[in-house]
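> any chance you can model this:
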Amino acid sequence: MKIVILLLIANVFMRFAWYGHLKHTSAPLVGVIVISWLIAGFEYVFQVPANRIGAQSGWSGFQLKITQEIITISVFIVFAVLYLKEPVRWNHAAAFALLLGAVALVFGVSPQKAQAAAVPSPPASNVPAPSAPDQAPKATANH
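Have a look, this model is predicted:
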């Protein structure tokens, strides 16, 4: 949970660093870049420890990155609606659902399970399986 909280805080800083200036389009670009870099510096104070703690807790780089992306889009949705005053459309919600699917794939399938799933099964045989040793063969009416 600590990892997620740190990533949330980091992402709030980054949304303002990357997109906050969109409400101030008359500001000089050089000034916007400098201010964005200053804001982004605070993001690193939270992002880097989140990744370090995650790695030390056994999270893979892929798990950290996919988690980061889902948090990024979650924070961005709130940012876009509340700060930029942009509506969420159906295709935005569908894209978000697909990202949630990516999280499920990354955390739900272990490398061992994925490897086992990738190994093809031997082809099915038309020969019936032998009966269990403790079962007598069934008698037929013709014998």
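> got the buried residues for the helix ranked longest in the chain?
For the chain, the helix with the greatest residue count under DSSP state H is helix 29-56. Applying a neighbour-count criterion of 16 or more other Cβ atoms under 10 Å, one finds 32, 35, 36, 39, 40, 42, 43, 46, 47, 50, 51, 54 buried in helix 29-56. For glycine as for every other residue, the C-beta is placed from the backbone atoms N, C-alpha and C.
> ok, then the element right after it?
For helix 29-56, the following helix or strand on the C-terminal side (DSSP states H and E) is helix 61-82.
> what packs against the helix or strand that that following helix is followed by?
For helix 61-82, the following helix or strand on the C-terminal side (DSSP H and E) is helix 90-108. Contact partners of helix 90-108 among helices and strands, from 3 or more Cβ pairs under 8 Å, 6 or more residues apart in numbering; DSSP states H and E: helix 61-82.
> where does the prediction get shaky in this protein?
For the chain, the stretches with pLDDT under 70 are 109-143.
> re earlier: farthest-separated two in the buried residues of helix 29-56?
The most widely separated members of the buried residues of helix 29-56, counting by Cβ to Cβ, are 32 and 54 (31.4 Å).
> so how far is stretch 82-98 off the chain centroid?
17 Å (Cα atoms, centre = their mean, to the nearest Å).
> contacts for that stretch?
For stretch 82-98, the surrounding residues in contact (Cβ atoms under 8 Å, 6 or more residues apart in numbering) are 15, 19, 20, 22, 23, 73, 74, 77, 80, 81.
> at 10 Å what do you get?
15-16, 19-20, 22-23, 70, 73-74, 76-81 (Cβ atoms under 10 Å, 6 or more residues apart in numbering).
> pick out the most distant pair among the residues you listed.
Among those, 23 and 70 lie farthest apart (Cβ to Cβ), at 25.3 Å.
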